[in-house]
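[1] turn this into a structure:
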Amino acid sequence: MKRIIKIALLLLISNVIYAQEPKKWTLEECIQYAITHNIDIKKIALEKENAAVELNTAKMSRLPDLNAEAGQTWSFGRSNKTPSGVYENQTISNTNVYVSSSTPLFTGFRIPNQIGQTKLQLAAMTYNLEKAKEDLSLNVAYLFLQVLYYKEILKVSEEQLTLSQSQVKKTEILVEVGKVPASQLFDIKAQVAKDEVRFTESQNMLQLSLLDLMQSLELERTSAFDIAVPQMDDAVESNMNSISPPEDIYGYAVTSKPQIKTQELLVQKAEKGLKVAKSYHYPWLYLNMGYNNSYFYNYSMEGRSMTNDLNEPFTWRNATFANQIKNNGGEYIGLSLNVPVFNRFYVRNQVQSARLGIQDQQLTLENTKKKLYKEIQTAYSNAVAAQAKYSSSLKAVEASHESFKYAEERYEIGKSTVFEFNEAKTRLIQSLSEQIQAKYDYIFRAKILDFYNGVAITL
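    Numbering: from 1, shown residues only. Sure, this is the predicted structure:
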């Protein structure tokens, strides 16, 4: 029973410790979170929604419209002339109601072309959103690799600090047995202080890189933020397939990258715009219909004794509201044809501007393709150079290790000075730092080529 209780307590303690550990973010989690919460992405998504609203507006322009209008007027003063030719002061009320509807039957194919324009605009905005997500993913990957770089730099700084601290103890022994002068002990302690400064600087750079990554994710500042270090094999072997000729990568990218798709759609949209401009050359035919009614009331004449044309007496009475609404209503239906004859060359100039717009958009498309090819060429050259630099750095690290090992052995037996030892250690630190930088630079350059090749960015 006691054994069961102990096991239960251990499990409980381990669960509490595990719950207190900060979440370690993978690259995929960082990218997905950034895409979901990035403000610029949200703004582009709103622009896409607005394009969808404009498409709906264009489609609804085919429907009939319906408008209602009501008016109320009062007339005062000498507004009525009697049969005897005398004007009389009268107060008159007049209520009018109108309802009208108009349906486009033919508009020179303007409406279908406008619908086509807005469809293309919506599709272009969809690719714009995809492009923004791709750019954000690449930026997050770069910042993620920066964190990994500074983590390794911090590890190297820590190892060098530990090494220097251990050398202090060894130097104290050498001083005690008289193999080295006491001054070398002070020199190695000074080196420990320098290594402590380097270690602190590495910590600060790591924290700044984590802060940059958090800001790209739109995360609040928290000291618990950290990333999961992926298990990476040999950098060259793992990314060898990414280094493809620029022509092969461009052949895929030019048919699939969203920036190219966007410009192609905008060319088609400009062509639709030309058709819209030409539609104003054609007659427009509309079906019109409507209904109107009115109510009249003369306050001055109500109940007044009068005679008619036969000199027969009668009392004036305004018709009732129900009777007037029943008898005063009127409907109409008809066709209206609008034929453009002369519009001060406005339509001609609009057509010419639309043609120029097509040419401008075609040039933009060609420029985007050239820019894409230049980006791929640059990325390929950078990746090849980074690969060569990384391979050279591996050899430099190996040579520096051997040199340092030799210097360390000579120092420990008192055959070299602390300056020679520190110089060898400095060369080793420098070669290690250059090797780490070259590794992550090569990985990032390879990921850029994967990006143009449509391969998901992963580590």
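[2] shouldn't T200 be within a helix?
    Yes. Counting by DSSP: H, G, I helix; E, B strand; the rest coil, T200 is found in a helix.
[3] correct me, but I92 touches S75?
    Yes. Between I92 and S75 there is a contact under CB atoms under 8 Å: 4.3 Å. Just so you know, the C-beta spots here come from the backbone N, C-alpha and C atoms, and that holds for glycine as well.
[4] the two - which one has more neighbours?
    Neighbour totals were compared for I92 and S75, and I92 leads with 16 against 12 (other CB atoms under 10 Å).
[5] pLDDT at that one, what is it?
    pLDDT, I92: 88.
[6] bridging residues for it?
    With DSSP bridges applied, I92 shows beta-bridge pairing to S75, N298.
[7] the residue lying closest to Y142 once chain neighbours are set aside sits in which helix or strand?
    Counting by CB to CB, 6 or more residues apart in numbering, F444 is the residue found nearest to Y142 once chain neighbours are left out, at 5.9 Å. Taking DSSP states H and E as the criterion, F444 maps to helix 418-452.
[8] kindly report the same for Y286.
    strand 284-298.
[9] could you say what helices and strands that strand packs with?
    With contacts defined as 3 or more CB pairs under 8 Å, 6 or more residues apart in numbering; DSSP states H and E, strand 284-298 has these neighbours: strand 92-106, helix 321-328, strand 330-338.
[10] what about the helices in the protein?
    For the chain, applying DSSP state H gives helices covering 2-20, 27-37, 39-60, 110-177, 182-216, 235-238, 246-256, 258-278, 321-328, 346-412, 418-452.
[11] now distance to R304 too, for those, in JSON lines please.
    What follows is these, written out as JSON lines (distance: least, CB to CB, whole Å):
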{"stretch": "helix 2-20", "distance to R304": "95"}
{"stretch": "helix 27-37", "distance to R304": "79"}
{"stretch": "helix 39-60", "distance to R304": "54"}
{"stretch": "helix 110-177", "distance to R304": "57"}
{"stretch": "helix 182-216", "distance to R304": "86"}
{"stretch": "helix 235-238", "distance to R304": "106"}
{"stretch": "helix 246-256", "distance to R304": "87"}
{"stretch": "helix 258-278", "distance to R304": "62"}
{"stretch": "helix 321-328", "distance to R304": "19"}
{"stretch": "helix 346-412", "distance to R304": "59"}
{"stretch": "helix 418-452", "distance to R304": "92"}
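[12] would you single out the least confident of the ones you listed?
    Sorting the helices of the chain by mean pLDDT places helix 2-20 lowest, at a mean of 49.
[13] how far away is the nearest residue to L122 once chain neighbours are set aside from D248?
    Excluding the flanking residues, the one nearest L122 by CB to CB, 6+ apart is A51, at 4.3 Å. A51 is 34 Å from D248, where distance means CB to CB, to the nearest Å.
[14] what number of residues are in the vicinity of N113?
    20.
[15] contacts only, for it.
    Contacts for N113 were tallied using CB atoms under 8 Å, 6 or more residues apart in numbering; they are K272, K275, V276, S279.
[16] again with Y286
    Taking CB under 8 Å, 6+ apart, we find Y286 in contact with S102, T103, P104, L105, L335, S336, L337, N338.
[17] give me the buried subset of the residues you listed.
    P104 (16 or more other CB atoms under 10 Å).
[18] of the contacts of Y286, which is the nearest to L163?
    Nearest to L163 among the contacts of Y286 is P104, at 84.3 Å by CB to CB.
[19] could you find the closest non-adjacent residue to that closest one?
    P104's closest residue in space is Y286 (CB to CB, 6+ apart), at 5.8 Å.
[20] quickly list what the one you found is bridged to.
    Beta bridges link Y286 to P104, S336, judged by DSSP bridges.
[21] name the residues of stretch 25-37 that are buried.
    Of the residues in stretch 25-37, W25, L27, C30, I31, Y33, A34, I35 count as buried by neighbour count, 16+ other CB under 10 Å.
[22] between all of these, which two are separated the most?
    W25 and I35 (13.8 Å).
[23] got the domain boundaries for the chain?
    For the chain, automatic domain parsing gives the domain ranges 23-61+109-282+345-452, 65-106+284-339.
[24] output those domains in a markdown table; the columns should cover distance to L459.
    Below are those laid out as a markdown table (distance: least, CB to CB, whole Å):
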| stretch | distance to L459 |
| --- | --- |
| domain 23-61+109-282+345-452 | 4 |
| domain 65-106+284-339 | 57 |
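[25] what's the most buried one of the ones you listed?
    Comparing the domains of the chain on average neighbours per residue, with mean count of other CB atoms under 10 Å, the densest one is domain 23-61+109-282+345-452 at a mean of 17.
[26] dump stretch 333-348 to PDB, restricted to CA.
    Output of stretch 333-348 as PDB, limited to C-alpha atoms (Å, rounded to 0.1, in the frame of the first residue of the first chain):
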ATOM      1  CA  ILE A 333     -45.500  50.500 -68.100                       C
ATOM      2  CA  GLY A 334     -43.100  51.300 -70.900                       C
ATOM      3  CA  LEU A 335     -39.700  50.900 -72.500                       C
ATOM      4  CA  SER A 336     -37.000  53.600 -72.600                       C
ATOM      5  CA  LEU A 337     -34.200  53.500 -75.100                       C
ATOM      6  CA  ASN A 338     -31.100  55.500 -74.500                       C
ATOM      7  CA  VAL A 339     -29.000  56.000 -77.700                       C
ATOM      8  CA  PRO A 340     -25.600  57.700 -77.300                       C
ATOM      9  CA  VAL A 341     -25.100  60.200 -80.100                       C
ATOM     10  CA  PHE A 342     -22.400  62.600 -78.900                       C
ATOM     11  CA  ASN A 343     -20.800  62.600 -75.400                       C
ATOM     12  CA  ARG A 344     -17.900  65.000 -76.000                       C
ATOM     13  CA  PHE A 345     -15.600  62.100 -76.800                       C
ATOM     14  CA  TYR A 346     -15.900  60.800 -73.300                       C
ATOM     15  CA  VAL A 347     -16.500  57.200 -74.200                       C
ATOM     16  CA  ARG A 348     -13.800  57.200 -76.900                       C
END
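[27] and the pLDDT for the nearest residue to M214 once chain neighbours are set aside?
    The shortest distance from M214 to any non-neighbouring residue, by CB to CB, 6+ apart, is to F225 (5.5 Å). F225 is assigned a pLDDT of 87 by the prediction.
[28] do I have it right that F225 meets W25?
    Yes. If you go by CB under 8 Å, F225 and W25 touch, sitting 7.5 Å apart.
[29] in contact with the closest residue in space to A70 that isn't next to it in sequence, which residues?
    Nearest non-adjacent residue to A70, counting by CB to CB, 6+ apart: V97, 5.1 Å away. Contact analysis of V97 by CB under 8 Å, 6+ apart lists A68, E69, A70, G71, N292, N293, S294.
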